[in-house]
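Undergrad: This is the structure alone, sequence omitted:
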Ligand code: HEM
Ligand SMILES: [Cu+2]
Ligand SMILES: [Cu+2]
């Protein structure tokens, strides 16, 4: 494998050649057993990526059913019960089983590679994370064989208490939060330890790749936020089955307490979802603009600031609850503050493109989709932070549009950029470019057709989580536009799935470094061998691969004929 | 490289589709781009606040998208082009950080300026108020008009219907007039609402009459409106409250003060005659318990 990628690269002499001297010493297990027992961060990464993408497809099908129901006014396609189950499953799936864990998938695969480590710090714990995630997903989806939960992904009390949601589906939701939460916690500790201790020689904090920075912050946020929700759902469980009354107003409990606990976790969760996406963007843009990231320090520091402020904004989800004005003002101001580091990131990304030589490869195009759409999500975010404005748009389709611009237009487009960027490294094959661009075009058009109009739907008075709406004004027309858009979006996603399935076997061989990347994962083969690297180079900048390429070029200049250039001076065994 | 022209097709198509989804409506553009308004001063002020925010937002959007678009066109890879190896520019970065902060300061100032008009109830029109408003006390989060008088209506959310209790001037609130789903109010009178919930959380929202306020069991929430023109204003529950959440509708019918007084009289009489009828049948049942089915 290794040698044929090398011989198939005619210009190998001018490229840094990975010097692999020994491969795995353990005997490889075969097939299924290997996948079930693996502790290799790359295999676990692949398990994560594939599993979470399957959940993305399930969540997407649920979304399409929701949109189908809303395609006409007073539609009777779905019963109210099914409809409520669908949006609950859709939201829960997308958040707990797709966006959060797929970031762990990328992190698992690429953090060790990017910092020049041979695995995660605790490989078995890493396997445990994955299997906990999968069991969370299975427990949750098993509820479709009896009654899925119907109280929304927020499970507000008293609606989610036993008196109003007697079905076991609500308990399945609680166990999902427990299991995926444990999975993320264990994973987060693992990321933290790995990043803190296993960086290549010379890789100080100021040379840590930006994606790794965001995974570090992601891990810290998970460690801070998850225990709160884990505790809260445990109290919900005892309220439901053992007669405690923490959230039950008839027993002196407080529904608002639930909301505070939920959002104390729930808002950081939003940044947990989107920060690693920021990281992907910060890696991909410089590579295809052929320029260093503009303001590395500001981009890295803003992630940390966002995380800190992200812990102080939770009650902006509660502007319409009975709360004193001073609370509303505090959370408006803290939400404003968080817009500053977020804006800084956007400005720095645009400045990264400035005076570059931009190559319009699919990963870059997805980044541009991200930039423009996330910008809209960020701007509407400021609007809903102004609490008198939020009094009008809260819990309406305006908010649905807002958070889909952040999560779908932002996080998911970043995920797709990551898929197109790293697929060659993971599989050793290139994805098809024209198909990728068509996928992007359909996703971009479909996404905006679906969600732009929803701002208006909300301002016209349509609340979210309603299975039907009256045929007044243009409500039906707007909803039809949105539904058509959702199917275009679905088609776009389908093209990428086809692209991936085709290219895994048939794509052109990628070689170790098809994009001329900046970070260490491109220093090893594609796919990397079990031990990742035999030699880990000493790191001298944020762009070690650029340094290595330069070094190799310098050394090979006098002796172009030499088949295998040596990069000895940059390497340390 | 052969793909470059196609890239233009993609972007053009994208822009066209997005624009089309905006322009298909010949409807009143005002409410296309902003929240509903026109029923009550607080809704109108939220609308104004929204427009200011929206204008600032559009400037930021245009500036960023413009720069992004410029970069994409101007700096795409060409033969012989070399990327400038710029690592950053501290002054520039400080400048846009401060710039972003300043915009937010402006937004905060605008919001604080608009807030009292939105949150604090106005006085009722003197002509309309006579015989309708009563003194109401401010406490906690509850705000009252400067003259201390309003028509205070109790809103109670329950799966899946809204119940309104009107004041009747005496201290016994068991005999107050009440109605379901449709609230009747006098035009020109400031109505303050005490919003509660019976079972699960709901949210009171009539878009043209201002923002929504959640009805949370165990708590009381407050808002107000003052209807400017007679008419029927529609809304519905905005917090998921169960399977029939979509059908938990609410209307406010604004009528002249005289009609309002008649309406309350009728509600009282209806209650009285229902009470009387109940008393009659109770007497009958007491006399002949066997008749009890
Ligand atoms: C594939 C494209 C998607 C479409 C067409 C779509 C559509 C929708 C719609 C129409 C709703 C509103 C349901 C209602 O309020 O009745 C909704 C809710 C939601 N969506 Fe999506 N969505 C998509 C992708 C995503 C993604 C990628 C995420 C997140 C990471 C996401 C997260 C959510 C959440 C959290 C809710 C709220 C669920 C709730 O109310 O409990 N969606 N989606
Ligand atoms: Cu309700
Ligand atoms: Cu409701």
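TA: Everything's here; your move. Keep in mind the model is a prediction, meaning the values are calculated, not measured. Ligands and ions are numbered 1, 2, ... in the order given.
Undergrad: and the gap between residue B:91 and ligand 3?
TA: Distance, residue B:91 to ligand 3, using CB to the ion, to the nearest Å: 52 Å. Every residue, glycine included, has its C-beta placed from N, CA and C.
Undergrad: Helices along the stretch 251-400 of chain A, start to end?
TA: Ranges of helices in the stretch 251-400 of chain A, per DSSP state H, counting those that start in this stretch, are A:255-289, A:296-310, A:325-353, A:362-385, A:387-393, A:397-406.
Undergrad: quick one, which of the ones you listed is nearest to ligand 3?
TA: Ligand 3 sits nearest to helix A:255-289 of all these, at 13.9 Å, using CB to the ion.
Undergrad: So is that closest one next to chain B?
TA: Yes - applying CB under 8 Å from any CB of the partner chain, one finds helix A:255-289 touching chain B at A:255, A:256, A:289.
Undergrad: Also near ligand 3: which of those, exactly?
TA: Among the residues of helix A:255-289 next to chain B, no residue lies close to ligand 3 (CB under 5 Å from the ion).
Undergrad: Find the nearest non-adjacent residue to residue A:199, please.
TA: Nearest residue to residue A:199, sequence neighbours excluded (CB to CB, 6 or more residues apart in numbering or on different chains): residue A:115, at 4.5 Å.
Undergrad: hang on, isn't that neighbour packed against residue A:208?
TA: Yes - the criterion here is CB atoms under 8 Å, and residue A:115 meets it with residue A:208 at 7.2 Å.
Undergrad: and these two? which has more neighbours close in?
TA: Between residue A:115 and residue A:208, residue A:115 has the larger neighbour count (other CB atoms under 10 Å in any protein chain shown), namely 23 against 20.
Undergrad: That one and residue A:32, how far apart?
TA: From residue A:115 across to residue A:32, the span is 31 Å (CB to CB, to the nearest Å).
Undergrad: Now mean neighbour count and distance to ligand 2 too, for the helices of the stretch 251-400 of chain A, in CSV please.
TA: Shown next, in CSV, are the helices of the stretch 251-400 of chain A (neighbours: other CB atoms under 10 Å in any protein chain shown; distance: least, CB to the ion, whole Å):
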stretch, mean neighbour count, distance to ligand 2
helix A:255-289, 25, 13
helix A:296-310, 21, 31
helix A:325-353, 21, 22
helix A:362-385, 24, 21
helix A:387-393, 25, 17
helix A:397-406, 23, 17
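Undergrad: Among these, which comes closest to residue A:86?
TA: helix A:397-406 (14.0 Å; CB to CB).
Undergrad: Could you check the helix or strand just after that closest one and say which residues are buried?
TA: Per DSSP states H and E, the first helix or strand lying C-terminal to helix A:397-406 is helix A:413-427. Neighbour-count burial for helix A:413-427 flags A:413-427 (criterion: 16 or more other CB atoms under 10 Å in any protein chain shown).
Undergrad: try stretch A:178-196
TA: A:178-192, A:194-195.
Undergrad: repeat for stretch B:228-247
TA: In stretch B:228-247, counting by 16+ other CB under 10 Å, buried: B:228, B:233-243, B:245-246.
Undergrad: Give me every residue in the stretch 301-450 of chain A lying close to ligand 3.
TA: Counting by CB under 5 Å from the ion, no residue of the stretch 301-450 of chain A is near ligand 3.
Undergrad: in the stretch 301-450 of chain A, what residue is nearest chain B?
TA: residue A:391 (2.3 Å; CB to the nearest CB).
Undergrad: Verify the contact between that residue and residue B:213 for me.
TA: Yes - A contact is recorded between residue A:391 and residue B:213 when judged using CB under 8 Å, the distance being 7.4 Å.
Undergrad: circling back: switch the residues of helix A:255-289 next to chain B over to JSON lines; also include pLDDT and distance to residue B:262.
TA: Output for the residues of helix A:255-289 next to chain B, formatted as JSON lines (pLDDT from 0 to 100; distance: CB to CB, whole Å):
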{"residue": "A:255", "pLDDT": "97", "distance to residue B:262": "39"}
{"residue": "A:256", "pLDDT": "97", "distance to residue B:262": "40"}
{"residue": "A:289", "pLDDT": "96", "distance to residue B:262": "73"}
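Undergrad: what's the burial count for residue A:211?
TA: Neighbours of residue A:211 (other CB under 10 Å): 26.
Undergrad: Helix, strand, or coil at it?
TA: Using DSSP: H, G, I helix; E, B strand; the rest coil, the structure places residue A:211 in helix.
Undergrad: For chain A, tell me whether the longest strand along chain B is touching it.
TA: With secondary structure taken from DSSP state E, chain B has its longest strand at strand B:149-158. No - Strand B:149-158 lies out of reach of chain A by CB under 8 Å from any CB, never closer than 12.0 Å.
Undergrad: tell me the mean pLDDT over that strand?
TA: Across strand B:149-158, pLDDT averages out at 96.
Undergrad: I would like the residues contacting that strand, please.
TA: Strand B:149-158 has contacts (CB atoms under 8 Å, 6 or more residues apart in numbering or on different chains) with B:121, B:123-124, B:129, B:132-136, B:144, B:162-167, B:183, B:185-186, B:189-199, B:201-204, B:215, B:224, B:237, B:241, B:248.
Undergrad: List only those of those residues flagged as buried.
TA: Of those, these count as buried by 16+ other CB under 10 Å: B:121, B:123-124, B:129, B:132-133, B:136, B:144, B:162-167, B:183, B:185-186, B:189-197, B:199, B:201-204, B:215, B:224, B:237, B:241, B:248.
Undergrad: Which residues of chain A lie near ligand 1?
TA: A:60, A:63, A:66-67, A:87-88, A:90-91, A:94-95, A:99, A:152-154, A:400, A:404, A:407-408, A:412, A:450, A:464-465, A:486, A:489 (CB under 6 Å from any ligand atom).
Undergrad: Now, the buried residues of stretch B:228-247 that are in helices?
TA: With helices taken from DSSP state H, there is no overlap with those.
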